[in-house]
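> After the sequence you'll find the predicted model.
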2 protein chains.
Amino acid sequence: MTHTRIKDLLNSTDFGKEFIAKGWIRTFRNNQFLAINDGSCLGNLQVVIGLNVFDEKVIKKLHTGASVSVKGTLIESQGKGQRVELKAVELEVLGESDPDKFPLQPKKHSLEFLREIAHLRFRTNTFNAIFKVRNALAFAVHQFFNERGFVYIHTPIITGSDAEGAGEMFQVTNLDLDSLPRNEAGKIDYKEDFFGKETNLTVSGQLEGELAAMALGNIYTFGPTFRAENSNTTRHLAEFWMIEPEMAFYDIHDNMDLAEELLKYVIRQALDRCPDEIEFLRNRLLEEDKQKPQADRSEMDLVEKLKFILENDFERVTYTEAVDILKRSKPNQKKQFKYLVDDWGIDLQSEHERYLVEKHFKKPVILIDYPADIKAFYMRQNEVDENGRKTVAAMDILFPGIGEIVGGSQREERYDVLTQRMAEMNIPTKEMEWFLDTRRFGTAPHAGFGLGFERLVLFVTGMGNIRDVIPFPRYPNNAEF
Amino acid sequence: MTHTRIKDLLNSTDFGKEFIAKGWIRTFRNNQFLAINDGSCLGNLQVVIGLNVFDEKVIKKLHTGASVSVKGTLIESQGKGQRVELKAVELEVLGESDPDKFPLQPKKHSLEFLREIAHLRFRTNTFNAIFKVRNALAFAVHQFFNERGFVYIHTPIITGSDAEGAGEMFQVTNLDLDSLPRNEAGKIDYKEDFFGKETNLTVSGQLEGELAAMALGNIYTFGPTFRAENSNTTRHLAEFWMIEPEMAFYDIHDNMDLAEELLKYVIRQALDRCPDEIEFLRNRLLEEDKQKPQADRSEMDLVEKLKFILENDFERVTYTEAVDILKRSKPNQKKQFKYLVDDWGIDLQSEHERYLVEKHFKKPVILIDYPADIKAFYMRQNEVDENGRKTVAAMDILFPGIGEIVGGSQREERYDVLTQRMAEMNIPTKEMEWFLDTRRFGTAPHAGFGLGFERLVLFVTGMGNIRDVIPFPRYPNNAEF
């Protein structure tokens, strides 16, 4: 007789039938009621233990965190709080848990404390819910692209190209740092390293993704990317997962359409597949909000915030229009912004992005046509406008609370324009000939974007710290587990 | 008017209707027939160009590799080889391709040559087919596990734990190798490194996966793993993707059932979703085989080989039984094996594994209960047998042609047995306390396995070299693109 998942038992109506359940004890009340959880859902199974039925030695081992196997009869529950319960006939403790040592007790622990014991925090309802939502979102991403004929491309993690300029990189080496090989000039001899040259961890799969798109048409990546930046914030990780679709024959408008469709699709999937988890997280946030002064509380609860995305067309605004709106805005006039908006050309800060989304448009916003000088070399140059302003066909999607969730662009497909821009920005072309080949041979308009997966999970779970939405976060001075 | 994918045009019956197609020129025959491909499928769209309809300047740009946009009327084809064609009304060359410089010509290129230009090989039928099959397999993996309630867990890529012992690791550092910080003892001071300690690229997500399984029940990973081993073979990569499910309350038999079900599921999905691609790869192999002496040709073609997996129950055999069979086998008696099988306890070689699968059982084989001394510390120890032999509940799944495709085990859940084994194998427990916590608090029987994704793609595509089934392979002295 095999065991049945608690999720299935909680939905079962096979009353009077015998089942085996296995799981971990959450609570043991009145020497009679065990609540056990096997991770299959947030709900616990109530196991009823008749008084004096089981050996005292077994009963003494029933502590929070211990694992048990129970054979019993499924019955309709007389008590409040659950529909069914299992009346135990056989009871075995598979693994004990010393109550004086087990760090998780049936009380509320702080997220900071749980981060210290990230190897055990999976056993809490909060992290069970977060990682279920994370799973639903990841699967929804694959489903979305597969339904549309996109090809999932695994771009390389270790890369020899260091010209992407997206940020500080981690070096990957196989050399013995205690006795580094040197060449005649006294420089480190990377010919001796594993790959015969200096290598780093990728900061983006975009450039390699473009290579695939210029043959397979529509592709996407979903893999880890890295930044060696000393950012100790609630928004940054040194290791995070990115989704980067790239589409041949797409312009910036097709690109915006796809990104909006993707975001709505995956959020809808999360709501559909994880109603209990999202309800739990919604209540968690409401509780958290109660501890805050009125002014700091969220205007929308979690479900309202998700529906806000689903039910609104994203507002498409040029950077130039946005700067005008911000200049004239109250917080700018009253000097309430930390960074005042004065001149065209500034980089927008999170406070500006949130003002546009939450106060001005009250909708998700897509900003396009950014100044060329604050964007990457590979973005397509627009016609110079009547004021002589140089912009590129970039797009950033802004969400409430979180600011930028997607960044993308139409790519510069014109060889001459691209190489001239690279020269202006001092980007060496020597190591990038493979990239330039896409513009040499059968170049075509194309576009793509990047969606930081943890930013998405942060938004959908309503959590406040990105370190809580990835199982084992990596940040300065932390690579535990 | 937006463009239509060639895959949809080839399946369309909207004759007489106008469409726009975009793609890259594969061939241009008789100044009249363009074959264009947009990556959406293997098939090309035939575009008919009336004589003297278009400007000579445009016609002169119609070379292999150039990208074009064609507006035209869909008509039933009179010619052989295609059902439909597009009669061009408008024709624009989006990106030229200089025939003297473009490396891909409409002829057969060697796989070795294509590996040198991996950024362009996506544009060949062979690699189009391979990466479509790879995509179908990846999606099938996610689908399989999501249908069964497994949670996708992203285990860390950068890891501070170096005790897993699964192979040579790459070091990850942010230190300036030209001026390494030293402590008082003259040692490199890793407190100055980004993570405050020495870090490496992961060799497996299993241990972290176990942490999640001991709370969420059933989980799986699907991420990149790394080996800094100087293996220049057709079977090894320095960077490859692994799928590692881990299940609480599973024993070795449940584990075997799941692995067999997974392999059959994903192969069936590939056959269902990529019939054209697999047919193409089957024919490619048949052609390749014709060049070989009779004795070296495959007994089964690609589709037969895939159906061989689907239609057979995997034979479950103990290591001890397998060694007996091998000892008595003809190639062993006649000393045809490179490594002769004599004593119990030896590690089996690929030739032995293939003999068992291809000659003896003529079925996929699962070998279980391996000698403890040739397996990892975390595998569950079986009862010592009547001959005093120590084995562990390990399992390897063997496939024709390829040998081991899956390796797994029931895990040692008993704290005392595990720590004693770690001491015997000189594995320091100090850095592994987090792992041991799973055995301290509510330990439970559990099991899992690893499936090398590129090995799977190699098998399903019938390719001979693992460097051809990942977009940008990493191996000694190669980290191009």
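Nice, thanks for sending it over.

> then stretch A:152-164 to PDB, C-alphas only?
Backbone C-alpha positions of stretch A:152-164 (Å, rounded to 0.1, in the frame of the first residue of the first chain) are rendered in PDB as follows:
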ATOM      1  CA  TYR A 152      14.200  27.600 -25.900                       C
ATOM      2  CA  ILE A 153      17.900  28.200 -26.300                       C
ATOM      3  CA  HIS A 154      20.500  27.600 -23.600                       C
ATOM      4  CA  THR A 155      23.000  30.400 -24.000                       C
ATOM      5  CA  PRO A 156      26.400  29.800 -22.400                       C
ATOM      6  CA  ILE A 157      27.000  30.500 -18.700                       C
ATOM      7  CA  ILE A 158      30.800  30.700 -19.000                       C
ATOM      8  CA  THR A 159      31.700  33.300 -21.600                       C
ATOM      9  CA  GLY A 160      34.900  34.600 -23.200                       C
ATOM     10  CA  SER A 161      33.300  37.800 -24.400                       C
ATOM     11  CA  ASP A 162      33.700  40.700 -22.000                       C
ATOM     12  CA  ALA A 163      32.400  43.500 -24.300                       C
ATOM     13  CA  GLU A 164      28.700  43.400 -23.400                       C
END
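
> quick one: the helices in the stretch 301-450 of chain A?
A:302-311, A:319-328, A:330-333, A:350-354, A:415-424, A:433-440 (DSSP state H, counting those that start in this stretch).

> Mind putting those into JSON lines with distance to residue B:334, mean pLDDT and mean neighbour count?
No exception for glycine: its C-beta is placed from N, CA and C like everyone else's. JSON lines is the format used below for these (distance: least, CB to CB, whole Å; pLDDT from 0 to 100; neighbours: other CB atoms under 10 Å in any protein chain shown):
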{"stretch": "helix A:302-311", "distance to residue B:334": "69", "mean pLDDT": "96", "mean neighbour count": "16"}
{"stretch": "helix A:319-328", "distance to residue B:334": "77", "mean pLDDT": "97", "mean neighbour count": "18"}
{"stretch": "helix A:330-333", "distance to residue B:334": "87", "mean pLDDT": "97", "mean neighbour count": "14"}
{"stretch": "helix A:350-354", "distance to residue B:334": "74", "mean pLDDT": "93", "mean neighbour count": "19"}
{"stretch": "helix A:415-424", "distance to residue B:334": "63", "mean pLDDT": "96", "mean neighbour count": "16"}
{"stretch": "helix A:433-440", "distance to residue B:334": "51", "mean pLDDT": "96", "mean neighbour count": "18"}
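
> can you map out the strands along the stretch 351-481 of chain A?
Applying DSSP state E, counting those that start in this stretch to the stretch 351-481 of chain A gives strands spanning A:365-371, A:391-399, A:403-410, A:446-452.

> What residues sit buried inside stretch A:139-153?
For stretch A:139-153, the neighbour count (16 or more other CB atoms under 10 Å in any protein chain shown) marks A:139-146, A:148-153 as buried.

> So which of those residues reach chain B?
Filtering the buried residues of stretch A:139-153 for proximity to chain B (criterion: CB under 8 Å from any CB of the partner chain) leaves A:139, A:142, A:146, A:149, A:151, A:152, A:153.

> Just the buried residues of stretch A:139-153: which are in strands?
When DSSP state E defines the strands, the subset of the buried residues of stretch A:139-153 inside them is A:151, A:152.

> one step back: what's the closest of the strands of the stretch 351-481 of chain A to residue A:302?
strand A:391-399 (13.1 Å; CB to CB).

> ok and the closest one relative to helix A:415-424, angle-wise?
Going by axes from the mean of the first three to the mean of the last three CA atoms, to 10 degrees, strand A:391-399 is angled at 80 degrees with respect to helix A:415-424.

> Thanks a lot, see you next time.
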